[in-house]
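Trainee: sequence? don't have it. structure:
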């Protein structure tokens, strides 16, 4: 009787705990979905509306925003329906495979596209002129199509029961059914994900080393000028040669006008323009690296749990840790717009210019005179 009464007392408490956990999950996932849709839609409209942002890096950012927005609108409502239904899948097995395919497709697409972006960022820094000559709209479209094609190739095999898509009750979503390595084929997919993310960071490290090497102060190599009767000429000559000849020193030939005397041209302004573009490319590279780093941080706990299931037979994963890891992977869908606005001053300026009524504007002050 004592055991029965204890069981009767614990059952309502466990039921209330499950209801509270479901409510927290629904509220948090609804917040993630709303932030993702609002942020990605706002950033997409800004990138489409402002013609000055119609460049290669922002085309890639637009594609990332569209992928995250579609993932939030298509996949997350099914997770919320599963939570509301008591943790079970309320739809058919075919629907579960389609939702899992979409979720994995968008995950791999972000991974492949971030890798391609890292390569283009390195080209923009290390080979600036070649990048601006070759990176046009057609090239951007080809890169985006390649990323989508590779993503479809990675997400399609489980549809045909190679690394089966199933509803995972502990995760409350349809995705890979990760089991022991000898009983399932999901190891290859997880290895591909880790290799691509790791290679992306290697490219950024290489870009950082390139920037650091070119910031080192090097001693000036002074080349002496050639003198013929006080008429200095050659690579190390300055304007003093012409001044000496005009003053009557020396009987040598007229000093060359193009040696040692900088001609008035547009070279200086063009050089400054290149430096400004170089700084802009570095800022955009920093923004994309923060997006890549955030992707790694938010997906690392879930990938660790997946590898634990694959390599350790019957490894128990704490439910609280697994739920937090899954929700962190969901939060990645709404992180890109926040990071983009935080680490890109140009996007903030364009946002204020395009939506002044929403962000507020300063009242212009009229000039006046004191009589």
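Mentor: Yep, it's here. For clarity, every value in this text was computed on a predicted model and none was experimentally measured.

Trainee: quick one: the residue nearest to residue 59 when sequence neighbours are not counted and residue 116, what's the gap?
Mentor: Leaving out its chain neighbours, the residue that sits closest to residue 59 by C-beta to C-beta, 6 or more residues apart in numbering is residue 140, at 4.5 Å. Glycine gets a C-beta too; all of them are placed from N, C-alpha and C. To residue 116, residue 140 is 10 Å away according to C-beta to C-beta, to the nearest Å.

Trainee: and for these two, which residues touch both?
Mentor: residue 60 (C-beta atoms under 8 Å, 6 or more residues apart in numbering).

Trainee: quick one: which of the two has more around it?
Mentor: residue 140 (20 against 17; other C-beta atoms under 10 Å).

Trainee: same question for the helix or strand in which the more buried one is found, mean pLDDT?
Mentor: Secondary structure from DSSP states H and E places residue 140 in helix 137-155. The average pLDDT for helix 137-155 rounds to 94.

Trainee: list the strands paired with the helix or strand that it is followed by, with their directions.
Mentor: The helix or strand immediately downstream of helix 137-155 is strand 165-168, counting by DSSP H and E. Applying DSSP bridges, strand 165-168 is found paired with strand 173-176 (antiparallel).

Trainee: the strand it pairs with: which residues count as buried?
Mentor: 173-176 (16 or more other C-beta atoms under 10 Å).

Trainee: and residue 125, what does it touch?
Mentor: Here residue 125 is in contact with 207, 210-211, 278, 281-282, 285 (C-beta under 8 Å, 6+ apart).

Trainee: which of those count as buried?
Mentor: Counted by 16+ other C-beta under 10 Å, those give 207, 281, 285 as buried.

Trainee: what's the closest of these to residue 43?
Mentor: Distance to residue 43 across these (C-beta to C-beta) is lowest for residue 285, with 18.2 Å.

Trainee: need the pLDDT of the closest one.
Mentor: Value for residue 285, per-residue pLDDT: 91.

Trainee: and the closest residue to it other than its chain neighbours, backbone torsions?
Mentor: In space, and not counting its chain neighbours, residue 285 is closest to residue 121: 4.2 Å by C-beta to C-beta, 6+ apart. Per-residue torsions, residue 121: phi -70, psi -40 (degrees, to the nearest 10).

Trainee: residue 121 contacts residue 281, doesn't it?
Mentor: Yes. Using C-beta atoms under 8 Å, residue 121 is in contact with residue 281, at 7.3 Å.

Trainee: re the thing from before, for the buried residues of strand 173-176, give me CSV that also has distance to residue 49.
Mentor: CSV is the format used below for the buried residues of strand 173-176 (distance: C-beta to C-beta, whole Å):
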residue, distance to residue 49
173, 35
174, 36
175, 36
176, 38
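
Trainee: ok, back up a step: just the contacts of residue 125 now: which is nearest residue 135?
Mentor: Nearest to residue 135 among these, with distances taken as C-beta to C-beta, is residue 281, at 10.9 Å.

Trainee: give me the nearest residue to the closest one, chain neighbours excluded.
Mentor: Closest to residue 281 by C-beta to C-beta, 6+ apart is residue 124, at 4.3 Å.

Trainee: shouldn't the one you found be within a helix?
Mentor: Yes. When DSSP: H, G, I helix; E, B strand; the rest coil is applied, residue 124 is found to be in a helix.

Trainee: which residues in this structure form strands?
Mentor: 165-168, 173-176, 226-228, 231-233 (DSSP state E).

Trainee: among those strands, which gets the worst mean confidence?
Mentor: strand 231-233 (a mean of 54).

Trainee: what separates residue 108 from residue 16, distance-wise?
Mentor: 39 Å.

Trainee: ok, the two, which is more surrounded?
Mentor: The residue with more neighbours, out of residue 108 and residue 16, is residue 108; 22 against 10, by other C-beta under 10 Å.

Trainee: gap between the closest residue to residue 84 other than its chain neighbours and residue 88?
Mentor: Take residue 84 and drop its neighbours on the chain: the residue closest to it by C-beta to C-beta, 6+ apart is residue 26, 6.8 Å away. Per C-beta to C-beta, residue 26 is found 15 Å from residue 88.

Trainee: more neighbours, the two?
Mentor: Per other C-beta under 10 Å, whichever of residue 26 and residue 88 has more neighbours is residue 26, with 14 against 10.
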